[in-house]
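In: With the sequence up front, the predicted model follows.
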Amino acid sequence: GTIKIYDGSQVLATPFLNITSRVLSGGERGLLGLAFDPNYVANGLFYVYYTSQPNGEVTIARYSVTADPNVGNPNSEVILKTQVHATFANHNGGSLLFGPDGCLYAGIGDGGSGGDPDNNGQNLNTLLGKIIRISASDGAACAAAPGNPFVGTPGVRDEIWALGLRNPWRITFDRQTGDLLIADVGQGTREEVNFQPA
């Protein structure tokens, strides 16, 4: 539950952020992702992805930096998105980043165990086993064009951008092309990298 700063020669004694009391950690759980707002220099906002106390709920929250640029304000938390993840401890995902469109993307695991026993990856009424695309201001489905594919579809979560994933714990955008690369953890024989053209 801590984020520390390495200044080039040492780890600073005071963490940038300490939310240990809010984070359920151990195994694949913990503080799993960090993204700085594209306008961080001006607005001082940053985002974290963690599994929360007491049941491991996936949580995406926004924080702000203090007057000290090396210290974030742990009391500034605004929770943007949560997803129940209590049945199994593994497959929490954890990737969090801004896309070239200014939207906030998160890779969320399928809920755990093996073989997706609850079929969450294909269930459009849960965020488990998905990449979601949300607005950093309020956590709603990002409205930047093109819009999320299921916005306005009854019984489907608006935030879903991609589905059918197992544990997309790291995602990244190609800086030159805007293509999305998804590192999805395999089960037995092989790992998987999914390619989504811009």
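Out: Ah, there it is. Residues are numbered from 1 along each chain as shown.

In: can you give me the helices for the chain?
Out: Using DSSP state H, the helices of the chain run over 40-43.

In: Any stretches of it with poor pLDDT?
Out: By pLDDT under 70, the chain has no low-scoring segment.

In: where exactly do the strands run in it?
Out: Along the chain, counting by DSSP state E, strands occupy 2-3, 17-18, 31-36, 45-52, 57-65, 72-83, 95-98, 104-108, 130-134, 160-163, 170-173, 180-184, 192-196.

In: Quick one, which of the ones you listed gets closest to Gln122.
Out: Among the strands of the chain, strand 160-163 comes nearest to Gln122, with 6.8 Å by Cβ to Cβ. Glycine gets a C-beta too; all of them are placed from N, C-alpha and C.

In: Could you check how far the closest one is from the centre of its chain?
Out: 13 Å (Cα atoms, centre = their mean, to the nearest Å).

In: Excluding its own residues, what touches it? List them.
Out: Contacts with strand 160-163, where a contact means Cβ atoms under 8 Å, 6 or more residues apart in numbering, come from 105, 121-122, 124, 127, 129-133, 148-150, 182, 194, 196.

In: Of the residues you listed, which count as buried by neighbour count?
Out: By neighbour count, with 16 or more other Cβ atoms under 10 Å, these hold 105, 121, 127, 129-133, 148, 150, 182 as buried.

In: Can you mark which positions in stretch 51-63 are buried?
Out: Buried residues in stretch 51-63, counted by 16+ other Cβ under 10 Å: 51-52, 56-63.

In: repeat for stretch 181-190
Out: Neighbour-count burial for stretch 181-190 [16+ other Cβ under 10 Å]: 182-185.

In: With stretch 136-145 instead?
Out: Within stretch 136-145, the residues that qualify as buried by neighbour count (16+ other Cβ under 10 Å) are 136, 139, 141-142.

In: Show me the two of these that sit farthest apart.
Out: Ala136 and Ala141 (12.2 Å).

In: picking that back up, Throw the buried residues of stretch 136-145 into TSV and include distance to Ala35, thanks.
Out: Compiled in TSV, those are given as follows (distance: Cβ to Cβ, whole Å):
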residue	distance to Ala35
Ala136	9
Gly139	14
Ala141	18
Cys142	14
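
In: just to revisit the earlier point, among the buried residues of stretch 181-190, which one sits closest to Asp68?
Out: Nearest to Asp68 among those: Ala183, at 34.2 Å, using Cβ to Cβ.

In: Spit out the contact partners of the closest one.
Out: 95, 168-171, 191-193.
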